[in-house]
Structures are given as structure tokens and as C-alpha cells.
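>>> got a structure for you, letters missing:
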Ligand SMILES: Cc1cc2nc3c(=O)[nH]c(=O)nc-3n(C[C@H](O)[C@H](O)[C@H](O)COP(=O)(O)O)c2cc1C
């Protein structure tokens with residue numbers, strides 16, 4: 001797939017078929033992800049790929065962030081219908097058969113911590129684009145970070161920083177295309 005096309009057409013998928021993607025496809029996606037740049041080339045990430053009972057047990061814990069999500073959406077005046085869609089997605093991650101969890105090293109220095117988070121985000125975007133190129137849907141999620149400690153404890157990684165998770169699998173529903181906003185882009189000195 002052409003790079004610009006992949007960047008433009010990747011979407012956040014919130015409905016999945018139950019079919020498990022082949023392991024070699026998931027491995028290709030992860031191998032592409034780890035070629036992300038990283039601050040001081042620390043490569044501070046770890047990736048957990050969960051299927052079967054591990055996926056189910058993890059998703060059950062993710063649902064514990066729903067109460068918090070409700071409060072947030074109420075405060076943001078999101079319409080009831082939109083709120084229910086979000087809640088439904090968080091209840092079972094759209095039925096995705098696999099969940100990928102990205103964590104980064106926790107470090108004391110705030111500058112390096114910032115770099116680790118940005119490095120993890122670069123890995124995440126690589127992962128999403130590679131999955132899209134393989135015909136797989138994903139949805140970058142930080143909502144579950146409201147219960148980060150519980151999720152990290154479940155993974156046996158209590159001292160790491162939870163960056164984000166994504167469900168991954170074959171999409172069951174074409175997602176909408178949220179339009180991009182006009183944001184300032186300044187060209188100085190041209
Ligand atoms: C840092 C980050 C966190 C996100 N967290 C969530 C989330 O918790 N739940 C969710 O449904 N979508 C989440 N998203 C997906 C965004 O809602 C989505 O990217 C945005 O609406 C644009 O849609 P698109 O990805 O289809 O272009 C997140 C995206 C990013 C980059």
C-alpha cells in the first residue's frame with residue numbers, strides 16, 4: 001500500500017469480526033512498529049499481544065474505566081446516543097479477537113519520560129499504519145489508562161507506564177471519516 005494512501009485512509013475501528021488474524025501477520029505488524037524512532041534510541045517499549053482468555057480477562061478489567069468515561073462524556077456534553085456507543089465499545093472492544101498493549105519504561109527524569117512517551121506514540125502510529133496495510137482494523141485507546149494500574153498489575157508489569165492499547169482484527173463495519181479541523185500551519189521565512 002502506498003504510504004500517503006495508508007496515512008490518509010487509516011481509521012479507528014470499533015466493530016470487529018471474531019476471526020483471529022494469522023500470527024505471522026501480527027508479527028509483521030509488530031516488526032514494522034518497532035522500527036519507530038525513539039529518544040536516545042532507548043526503544044523503551046514493550047508490547048503484549050493478548051488473545052483467548054488473556055484477552056477476555058484484560059477486557060473485563062478495561063470495563064472498569066467506564067464509570068470514569070461516563071463522567072467525562074457528561075461533562076463534555078456528548079449526546080446520549082454518542083455516550084452509549086462509546087460505552088458499548090468499551091464493554092467488549094468491539095468484539096476484537098486480539099488486544100495489543102504498549103507500555104514504556106518509567107524513568108525519573110521528566111525530559112526522558114516525555115521522550116519515552118513520544119517514542120511509544122511513534123511505535124503506536126507505525127503499528128496502526130502497518131495493520132491498515134495488512135487489511136486489519138485498530139483503534140488507538142487511552143481511555144483504559146484511567147485504570148492503568150489495574151491493567152499493569154494484570155500483565156505482571158506494575159512498574160511500567162501504560163502508553164495505550166489497541167484492539168486489532170478484521171473490521172466488521174466501515175467507520176465514519178471524521179473531518180480534519182483547520183489548524184494553524186505557519187510558514188515563516190519562505
Ligand atoms: C492518543 C489517542 C487516544 C485515543 N483514545 C481513544 C479511546 O480511548 N477510545 C476511542 O474510542 N478512541 C480513541 N482514540 C481514537 C480517536 O477517537 C480517533 O483517532 C479520532 O476520532 C479520529 O478518527 P480516525 O482515527 O478514524 O481518523 C484515540 C486516539 C488517540 C491518538
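That came in fine, so what should we check first? None of these values were measured; they are calculated from a predicted model. Residues are numbered from 1 along each chain as shown.

>>> Tally up the residues packed near the residue in the chain that the ligand sits nearest to, please.
Relative to the ligand, the nearest point of the chain is residue 143 (3.0 Å; C-beta to the nearest ligand atom). No exception for glycine: its C-beta is placed from N, CA and C like everyone else's. Residues within reach of residue 143, counting by other C-beta atoms under 10 Å, total 17.

>>> what sits against it?
The contact partners of residue 143, taken as C-beta atoms under 8 Å, 6 or more residues apart in numbering, are 65, 69, 90.

>>> OK, contacts around the most centrally placed residue in the chain?
Geometric centre of the chain, nearest residue: residue 140, 2.5 Å, by C-alpha atoms, centre = their mean. Taking C-beta under 8 Å, 6+ apart, we find residue 140 in contact with 12, 124, 128, 164, 166.

>>> repeat that with 6 Å
124, 164, 166 (C-beta atoms under 6 Å, 6 or more residues apart in numbering).

>>> any idea how far residue 41 is from it?
23 Å (C-beta to C-beta, to the nearest Å).

>>> likewise residue 3?
With C-beta to C-beta as the criterion, residue 3 and residue 41 are 23 Å apart.

>>> picking up where we left off before, mind giving me the ChimeraX command for buried ones among the contacts of residue 143?
Buried members of these, defined by 16 or more other C-beta atoms under 10 Å, are picked up in ChimeraX with:
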select :65,69,90
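
>>> now, which of the contacts of residue 143 sits nearest residue 83?
Nearest to residue 83 among the contacts of residue 143 is residue 69, at 8.4 Å by C-beta to C-beta.

>>> Leaving out chain neighbours, which residue sits closest to the closest one?
Excluding the flanking residues, the one nearest residue 69 by C-beta to C-beta, 6 or more residues apart in numbering is residue 143, at 5.7 Å.

>>> My read is that residue 172 contacts residue 16, right?
Yes - at 5.5 Å, residue 172 and residue 16 qualify as touching, with contact defined as C-beta atoms under 6 Å.

>>> Compare those two (neighbour count), which wins?
For residue 172 and residue 16, the more surrounded residue by other C-beta under 10 Å is residue 16, and the numbers stand at 24 against 16.

>>> pLDDT value on the more buried one, please?
At residue 16, the model reports a pLDDT of 98.

>>> got the phi/psi numbers for it?
phi -130, psi 150 (degrees, to the nearest 10).

>>> and if you look at residue 183?
Dihedral angles (degrees, to the nearest 10) for residue 183: phi -120, psi 150.

>>> Give me the next element, helix or strand, following the lengthiest helix in the chain.
Ranked by number of residues, the top helix in the chain under DSSP state H is helix 110-133. Following helix 110-133 in sequence order, the next helix or strand is strand 137-138 (DSSP states H and E).

>>> So which elements touch that following strand?
Counting contacts by 3 or more C-beta pairs under 6 Å, 6 or more residues apart in numbering; DSSP states H and E, strand 137-138 packs against no other helix or strand.
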